[in-house]
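**Q** model the following, please.
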Amino acid sequence: MADNSKIEWTDATWNPITGCSVTSGGCRLCYAMKLAGGRLKNHPSRAGLTIDTKNGPVWTGEVRLNHEWLDQPIRWGRQRQVFVCAHSDLFHPDVPDDWIDTIMGVMWACLYGRNEQDGHIFQVLTKRAQRMRDYFSTDRREAWARAAVNHGGGTDPDGIWDQVMNFDGPHPRIWLGVSVEDQAAADERVPLLMDTPAAVRWVSCEPQLGEIDLARWLNPVGVQCKDVCPDSCYVIADEIETVKDGEETVPLCPHCGERAGWTAYDPGIDWVVQGFESGIGARPGLPAWARMLRDQCAAAGVPYLFKQWGEWAPGEVAGPNDRAIDAAYWFNGKWDIRRVGKAREDDHIDDEPDMFLIGKKAAGRTLDGEIHDGYPV
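**A** So this is what the prediction gives:
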C-alpha cells in the first residue's frame, strides 16, 4: 500500500487483499508477484503467497484479506485516485463475495469526502471480467451499506446508509476496468466489461504484448436483424454493408444479408491506458501498436494515457547508440533479439531495428514527442 504512488495513472494504491494466481501471458513479470516473493516475502501480508521457481517467485493462488488496511482510504483526507487491490485481483475466484462487499462498502464510505469536497476516485482493474460482471449484475447495496457504516459511519451512520441505499445506478467515482495484453484477451474481456454496470469503464493495455484493436468498443454500435438473426454486437460501422433507404443508411445483416437496423450501445470505453512491459526479461512492443490505440482514442474522443515504453524504446527515443546494445526486430509476428554494435555516423534513428533495450527510466513515456495524460474526468 502506498500513498504518492509511482504508477503514472493513479495517486495511491490500496491493498486490502494480497495474493493472486497466474492467469495469462501478461502475468509473467507481474511486479506484485516479484515483490511478494522478494523484498516482502516475510511480511505478514505476503508470507507464503508465492513459491520459488527457476524463473523467480510465482503466485501460489492463495489470497489474503488484510484487515488492518481496510480503513486506510477513510483516513486519507485529501481526494486521491486510488488503485484498488494493486497486488491482487479483487475478482479472483478465491476472493469471497463478502470480502468484495466489505471493500465496496469502504469505497462508498469515502465517496463524499470532507469539507464539501468530492471523495476519492477508486480505480478497479481485473483480468476476471466475467466474475466482475456477475457480481455487479446483482443489487448488493445493502451489503455495501452495512460495511460502509461499520468502517466509516463515524458520527453519521444513518447518513452513510442512506447515501448508499438511495443512490441510483453505478457511482461515477468507482471506475471499473479490465487488463488486456493482446487481441485475444481484449476479445474475451472487453465485451464482458461492456456488459458490466459501471459509470466509468476503462481498459489497461499493459503489459501490451501484441497489437490491440479497440475501435469497435470505443464508439460501439451493433446490427440488429428484424426478428431473424441474433444481434451482431460491437461492429465497425464502416465494415458493414449498407443500402440507402431514402435519406437513411440501412445496414444489411452480416448473418443473412437482409435489411436490419443499427443498435447503439451507450457508453463505450471511457478511458484507455497503454504501456509496454518492464522488468528483467521484458518483452518489447512496437511503436505502431501505440500509435494505433492513440489514434483510435483520438478519433472516438476517448481519453488516452500512454504510461511507458517499458525497458525497450524506439530509435527516435533511444537515439544513436554509443555502445553495443540489445536490439529487437519484429519479423513474421515474432521478435528477433540480437546484439548490435555502436551506431555508425550514417545510421538513422528510424532505421531498423525496431526497438532498443535502454531501460525503463531512459525509455520514458513520450510518444512521438508528446506526453499523453488523458483522464475521464
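
**Q** switch to C-alpha atoms for all contacts and neighbour counts from now on
**A** Noted.

**Q** quick one: the strands in the stretch 151-300 of the chain?
**A** 174-179, 200-205, 221-225, 232-235, 242-245, 248-251, 260-264, 271-275 (DSSP state E, counting those that start in this stretch).

**Q** would TSV of these with distance to residue 162, mean pLDDT and mean neighbour count be doable?
**A** As requested, these are exported to TSV (distance: least, C-alpha to C-alpha, whole Å; pLDDT from 0 to 100; neighbours: other C-alpha atoms under 10 Å):
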stretch	distance to residue 162	mean pLDDT	mean neighbour count
strand 174-179	18	98	24
strand 200-205	23	98	24
strand 221-225	37	93	22
strand 232-235	37	91	18
strand 242-245	50	93	11
strand 248-251	46	93	16
strand 260-264	34	91	18
strand 271-275	30	98	23
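
**Q** wait, which of those is closest to residue 83?
**A** For those, proximity to residue 83 was assessed by C-alpha to C-alpha; strand 174-179 is nearest, at 9.7 Å.

**Q** identify the neighbouring strands of that closest one in the sheet and state each direction.
**A** In the sheet, strand 174-179 lines up against strand 121-126 (parallel), strand 200-205 (parallel) (DSSP bridges).

**Q** okay, the strands of the stretch 151-300 of the chain in TSV with distance to residue 375 next?
**A** Output for these, formatted as TSV (distance: least, C-alpha to C-alpha, whole Å):
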stretch	distance to residue 375
strand 174-179	11
strand 200-205	10
strand 221-225	23
strand 232-235	23
strand 242-245	35
strand 248-251	34
strand 260-264	24
strand 271-275	7
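
**Q** between these, which gets nearest to residue 118?
**A** Nearest to residue 118 among the strands of the stretch 151-300 of the chain is strand 174-179; the distance by C-alpha to C-alpha comes to 12.4 Å.

**Q** how far does the closest one sit from the chain's center?
**A** In this view, strand 174-179 has its centroid 6 Å away from the chain centroid, taken as C-alpha atoms, centre = their mean, to the nearest Å.

**Q** ditto for stretch 157-173
**A** Averaging C-alpha positions (C-alpha atoms, centre = their mean) puts stretch 157-173 26 Å from its chain's average.

**Q** and that stretch, how far apart are its ends?
**A** For stretch 157-173, the first-to-last residue distance is 21 Å (C-alpha to C-alpha, to the nearest Å).

**Q** show the average pLDDT along it.
**A** Mean pLDDT, stretch 157-173: 93.

**Q** list the neighbours of that stretch that are in contact with it.
**A** Residues from elsewhere that reach stretch 157-173 (C-alpha atoms under 8 Å, 6 or more residues apart in numbering): 108-109, 111, 120-122, 141-142, 144-146, 148-149, 152-153, 197-200.

**Q** can you do 6 Å?
**A** By C-alpha atoms under 6 Å, 6 or more residues apart in numbering, the residues outside stretch 157-173 that reach it are 121, 141, 145, 149, 198, 199.

**Q** which of the residues you listed tops the neighbour count?
**A** Within the contacts of stretch 157-173, most neighbours by other C-alpha atoms under 10 Å means residue 145, with 27 neighbours.

**Q** buried residues in the helix or strand hosting that one, which are they?
**A** If you go by DSSP states H and E, residue 145 is part of helix 141-152. Buried residues in helix 141-152, counted by 16 or more other C-alpha atoms under 10 Å: 141, 143, 144, 145, 146, 147, 148, 149, 150, 151, 152.

**Q** and the last one, how far from residue 108?
**A** In other words, residue 152. Separation of residue 152 from residue 108 (C-alpha to C-alpha) stands at 9 Å.

**Q** then the first one?
**A** Counting by C-alpha to C-alpha, the separation of residue 141 from residue 108 is 10 Å.

**Q** now do the buried residues in stretch 95-102.
**A** Quick answer for stretch 95-102 (16+ other C-alpha under 10 Å): 95, 99, 100, 101, 102.

**Q** which one of the contacts of stretch 157-173 is nearest to residue 353?
**A** Closest to residue 353, out of all of these and judged by C-alpha to C-alpha, is residue 121, at 41.3 Å.

**Q** hmm, that closest one is touching residue 81, no?
**A** Yes: Residue 121 lies in contact with residue 81 (C-alpha atoms under 6 Å); the separation is 4.7 Å.

**Q** where along the stretch 251-377 of the chain do the helices fall?
**A** Using DSSP state H, counting those that start in this stretch, the helices of the stretch 251-377 of the chain run over residues 287-300, 315-318, 360-363.

**Q** can I get the CA coordinates of stretch 318-334 in CSV?
**A** Output of stretch 318-334 as CSV, limited to C-alpha atoms (Å, rounded to 0.1, in the frame of the first residue of the first chain):
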residue,chain,number,x,y,z
ALA,A,318,16.9,5.8,-27.7
GLY,A,319,19.0,7.9,-30.1
PRO,A,320,22.1,6.5,-31.9
ASN,A,321,23.7,4.0,-29.5
ASP,A,322,27.3,4.7,-28.4
ARG,A,323,27.9,1.2,-27.3
ALA,A,324,26.9,-2.4,-28.0
ILE,A,325,23.2,-2.9,-27.2
ASP,A,326,20.4,-5.4,-27.5
ALA,A,327,18.0,-4.6,-30.3
ALA,A,328,14.7,-6.2,-31.3
TYR,A,329,13.4,-6.8,-34.8
TRP,A,330,9.8,-7.6,-35.5
PHE,A,331,9.6,-10.2,-38.2
ASN,A,332,6.8,-12.6,-39.2
GLY,A,333,4.9,-11.9,-36.0
LYS,A,334,7.9,-12.6,-33.7
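
**Q** tell me the mean pLDDT over that stretch?
**A** Mean per-residue pLDDT for stretch 318-334: 88.

**Q** make JSON lines from the contacts of stretch 157-173 and add distance to residue 232 and pLDDT to it.
**A** Output for these, formatted as JSON lines (distance: C-alpha to C-alpha, whole Å; pLDDT from 0 to 100):
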{"residue": "121", "distance to residue 232": "34", "pLDDT": "97"}
{"residue": "141", "distance to residue 232": "33", "pLDDT": "97"}
{"residue": "145", "distance to residue 232": "38", "pLDDT": "96"}
{"residue": "149", "distance to residue 232": "44", "pLDDT": "95"}
{"residue": "198", "distance to residue 232": "22", "pLDDT": "96"}
{"residue": "199", "distance to residue 232": "24", "pLDDT": "96"}
